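J.: Next one to model:
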Amino acid sequence: MEGRCAVETLAEFGFSATSCTTQVKSCFGTDVYIRTGSEEVYIFNTQERKLTAVLQFPGPVSDLVESRDKQLLYVACRSGVYCVSSTFLLSRVQSSLADASPSVAQLKIPSECLVVEEEGVSSLLLVGSALLSVSQRNASWLLSVYKTPTQSEFSSYEMLSSFSLPLVSAVAHDSMEGNRELGRKPVLICVHSGDTTLPSSSCTSSSEATLTDGHFQLEPVLFKLLFGIDTALAKSPVILCGLPDGRLCFLPLRLPRTRLRVLHSLEQPVIFVRASVVRETDAGHAQCLVAMGEQGRVVLIKAVEGGPEGRGMIAGFTEGCVPGPVACACVDKHCVYYSTGTDLLVLDLSEGSSGKEEQGRDEDASNKTVAALQRPISLNVCRVIALAELTCNSAGEIQLLGLSCRGRLQRITSPVKRDDTGSSKLPSTQMGRSIRDVLSAIGDVCERASVLKTAIKSKNQTLKHLNQVLNICFLLTAKANSAEQPSIQEKPIRCHAVTTWSRLLQKDSLNLTCVLDNGSSYILERGWTLKITVFPLSCSPSAGGESSSTDFSFPFHSLHPGEKLEVSLPLAATGDKSFPITVSCSLIFSLAGLLGEEEAVSLPGSHSSCISLPLNTLTVDWLHALQVNSPTATHKNTTSQFYNITTTDTIQAFLNSRQIRPSGRGDGGGESAPNPEKEQYSARIRVSSELLRDSLMLKTSGLDQQLAAPNVCSSVLDWLLSEGPGGVKTGQRGDKISSSMIHARDPNGHTVKLTAKEVHVGEESLATVEVQVESSSMAAVCGLHHAVLSRIQTLMHRTTEKAVSSKRMQSLGIRQALQQDERLLQQIQQSRISGAFGVDVSAGQMTRSLLSVYRELRENPLVLI
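T.: So this is what the prediction gives:
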């Protein structure tokens, strides 16, 4: 082709559309009807270059077809088929302009124009005085034939016949959804035998293959080979129907007992069916049928040599594939123009067809045709989703009307192929036009390249980000799945926390400051969220016996290697929470945070677009929740007594309700009058001094061992109140503890005393440090005793085990301690058996028995060495 394709924008409507829902059709002279996929149809005048009217129908419009005399317009929508005359439209437009309405007339089509009441009509075709419609009913396609009246009167049309074809199961669902949402619609055309004389439209001559829109004259030989001798003798028009399931069907319209039959299958939705001349003949009839599928599959149907004994003609089906997908297409004598959405391409059908070859050359011609299908010519026009039937101007150039996906109506002019190879020098006017065409094509290509460059850059950034996410996932899951020393290994991305007490509105509350430490070599970018789940290990009686968790989410945008993210959250108010409390930390990655909500939802299988990676679990116990009193002020004792008077301990109230006074140290207990002073509960833990010195690095060099004893005791208390298992520390505690006795308040306001002293145990006088917890609250004593044991257990895991001789273990009285524990176990079991078999044991006696066992266990602890 000489020159370049020229693109001229006629109008910009500003709507977004797809190839499934749009249609451009030239009707009523210079008017162009544009179907947008909604209830509206735009009427645009190409001569005046303006939008003249907007037709509004009761439902979404699926197809448009014009009558042969160009006086009627048939429109298919959800409720049926409407018939609108040109005189009706002209009068309504003129009356609208006379009423001083806006320049664009809004015409609402009345229900009187409904001529066919049929639900879900998707395609229309006019054949003489018959109107054909295709719709889907349950599990079959239905082709209905209606008789049109001789006069243009608005009345219901009479149905002459109907034909059905079952749906194929593989695409039944897609077809059903397509019809409901105006997806791919069936393609209808009518072919006539070349020896049939038919009235042609005013815009075409009788020598051309195209009669009116959707009607073609086919070479008689090919017509007879495809549809049979009976159809050819009856000179019956044949309806070709390309279905969304890929089948190409045909129906002889005037034969008795006719039915829909399948001619071929493309195995993909049929987008385009037309007839082409391919090669020039005297009659000018079409020698080829062309069908194109949505993914680019093409079938050419021609008459070729190859009858019995090498003589005669048969119908040859040549299949090939063009670069797809195919959004829309149109055809002239020799070429097919089709759009992929990103480019407009020209397919020359005359290549490989140079007349009736002998039988030996048919195979070569078929191979040339297949090769030509794979080499379409690009016109460098993008975003075209709908094409009208092409026309030729006075200069012999091909002109197409196209609609872009952005609602832009364009006139595309393509120069024709010329066989003469005369002077290569062009006139100045044609040269200037060629330069404009080149500049227009360059601008179009630059715009496409800019859009593609931006999209590629965005996708590269997204892939880079997803690569970081996968590396982080592998890093954390590899650490979690590692079997080597799971208790010692720490994840490179982990959390630690600090507890602090604050006072707001005369109410104390415990806060937790959680720090996310990125110790890896990767960046935590956009899309990550730190999730912290807080739940108590046990529930308090005030909570109704139910334990509930609380989730906190903290999205962040960027955390580089070595950086830390610090967040704060309320943990508990005074008396509101049961301790210990478990704090579970995890990282959540959401695709919506990276791609956006709409793009993430559109991804396949995106019902769960979040990834959860657990980090570590922290424990906040009673020692973290203590409020240590300052040792310099003497009035703190008064404050502690105030808390003892005003705060009622839950366990104490339970025991007092049964008129039992808990026994103090050295008191056997029993039922007596209430004591105005609250009884004190205590628990002791003994740990080897050598173990503490080795673990806490308290070894003294050159100093007297007697001076080291208070140092060990105060250091043990300071260590208990500063560190904890799982990376939780206590904040805002002031100076380092230098005393072996401290006073504090528990989360419920009770006074707590912690003392540490060095004692000698056993015959060999083994030096140990005895840590004693004392309080009027049994819950506080139990909780603090458990917290101290947890810290010592963690300390022993980090300490190298030392061998201890059996003689030394016996000297410490281990055997006697075990025997004593067995005796206490039998006592507990006896109490449970008595209660189970209904023995006369009062609740008070059972409570005193269990309390006595608990006190003995706490008063005679084992030595941790």
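
J.: Tell me the bridge partners for the nearest residue to Q410 once chain neighbours are set aside.
T.: In space, and not counting its chain neighbours, Q410 is closest to G402: 5.0 Å by Cβ to Cβ, 6 or more residues apart in numbering. All C-beta spots, glycine's among them, are computed from the backbone N, C-alpha and C. Counting by DSSP bridges, G402 is bridged to L387, Q410.

J.: Number of residues surrounding G402?
T.: Counted with other Cβ atoms under 10 Å, residues neighbouring G402 total 23.

J.: For it, list the residues it contacts.
T.: By Cβ atoms under 8 Å, 6 or more residues apart in numbering, the residues touching G402 are 24, 339, 344, 381, 384, 386-388, 409-410, 412.

J.: Same check on T30?
T.: Contact analysis of T30 by Cβ under 8 Å, 6+ apart lists 45-48.

J.: Of all the residues in stretch 682-698, which ones are buried?
T.: Within stretch 682-698, the residues scored as buried using 16 or more other Cβ atoms under 10 Å are 682-689, 691-693, 695.

J.: Can you name the residues that contact C405?
T.: 16-18, 341, 383, 385.

J.: same deal with L345?
T.: By Cβ under 8 Å, 6+ apart, the contact set of L345 is 322-323, 337-339, 376-379.

J.: Tell me the secondary structure of I737, please.
T.: Reducing the assignment at I737 to three states with DSSP: H, G, I helix; E, B strand; the rest coil gives coil.

J.: Touching, it and W719? I think so.
T.: No: judged on Cβ atoms under 8 Å, I737 makes no contact with W719 at a distance of 9.2 Å.

J.: of the two, who's got more company?
T.: Shown here are I737 and W719; by other Cβ under 10 Å, I737 has more neighbours (23 against 17).

J.: Helix, strand, or coil at the residue lying closest to the more buried one once chain neighbours are set aside?
T.: Nearest non-adjacent residue to I737, counting by Cβ to Cβ, 6+ apart: D718, 4.2 Å away. Here D718 is recorded as helix under three-state DSSP.

J.: Next: F223.
T.: Note that with three-state DSSP, the state of F223 is helix.

J.: how close does it sit to H264?
T.: Plainly put, F223 is 16 Å away from H264 if you go by Cβ to Cβ, to the nearest Å.

J.: Please compare those two by neighbour count and tell me which comes out ahead.
T.: The residue with more neighbours, out of F223 and H264, is F223; 24 against 19, by other Cβ under 10 Å.

J.: What's the per-residue pLDDT of the residue nearest to Q410 here?
T.: G402 carries a pLDDT value of 91.

J.: Relative to A139, how far out is it?
T.: 37 Å.

J.: re earlier: for the contacts of L345, which one is nearest I493?
T.: For the contacts of L345, the minimum distance to I493 (Cβ to Cβ) is 47.3 Å, reached by P323.

J.: Quick check on the closest one: phi, psi?
T.: phi -60, psi 120 (degrees, to the nearest 10).

J.: Next, the contact list for it, please.
T.: Contacts for P323 (Cβ under 8 Å, 6+ apart) come out as 296, 340, 345, 376.

J.: Please convert the residues you listed to a markdown table, extending it with pLDDT, secondary structure and distance to V121.
T.: Shown next, in a markdown table, are the contacts of P323 (pLDDT from 0 to 100; DSSP: H, G, I helix; E, B strand; the rest coil; distance: Cβ to Cβ, whole Å):
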| residue | pLDDT | secondary structure | distance to V121 |
| --- | --- | --- | --- |
| G296 | 91 | coil | 29 |
| T340 | 91 | coil | 29 |
| L345 | 90 | strand | 32 |
| P376 | 87 | coil | 34 |
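
J.: Among the residues you listed, name the buried ones.
T.: By neighbour count, with 16+ other Cβ under 10 Å, the contacts of P323 hold 296, 340, 345, 376 as buried.

J.: Out of the contacts of C405, name the ones that lie in helices.
T.: Using DSSP state H, no member of these sits in helices.

J.: how about those, which pair is most distant?
T.: S16 and G341 (13.1 Å).

J.: Can you tell me what sits against stretch 220-236?
T.: Contact with stretch 220-236 is made by 191-196, 218, 238, 250, 252-255, 263, 285, 287-289, 301-303, 313-315, as judged by Cβ under 8 Å, 6+ apart.

J.: could you say what helices and strands the strand or helix carrying S586 packs with?
T.: S586 belongs to strand 581-590 when elements are defined using DSSP states H and E. Applying 3 or more Cβ pairs under 8 Å, 6 or more residues apart in numbering; DSSP states H and E, we find strand 581-590 packed against helix 428-481, strand 493-504, strand 507-518, strand 528-536, strand 610-620.

J.: P747 is nearest to which of these?
T.: Nearest to P747 among these is strand 507-518; the distance by Cβ to Cβ comes to 6.8 Å.

J.: Can you find the helix or strand in this structure with the smallest mean pLDDT?
T.: Least confident helix or strand, the chain: helix 636-646 with a mean of 39, by mean pLDDT, DSSP states H and E.

J.: Do you know the pLDDT at E723?
T.: E723 is given a pLDDT of 70.

J.: how many neighbours does it have?
T.: 17.

J.: What's the local residue count around K108?
T.: 11.

J.: so who does it touch?
T.: Q56.

J.: Likewise for the one 5 residues further on?
T.: If you count contacts by Cβ under 8 Å, 6+ apart, C113 has them with 82-84, 88, 154.

J.: if we can go back for a sec, the residue nearest to Q410 and I34, how far apart?
T.: Counting by Cβ to Cβ, the gap from G402 to I34 is 11 Å.

J.: shared neighbours of the two, anything?
T.: 24, 409.

J.: how about low-confidence regions in the stretch 151-300 of the chain?
T.: Along the stretch 151-300 of the chain, segments meeting pLDDT under 70 span 151-154, 169-183, 198-212, 279-284.

J.: the helices in it, which residues?
T.: 172-180, 220-227, 229-233 (DSSP state H, counting those that start in this stretch).
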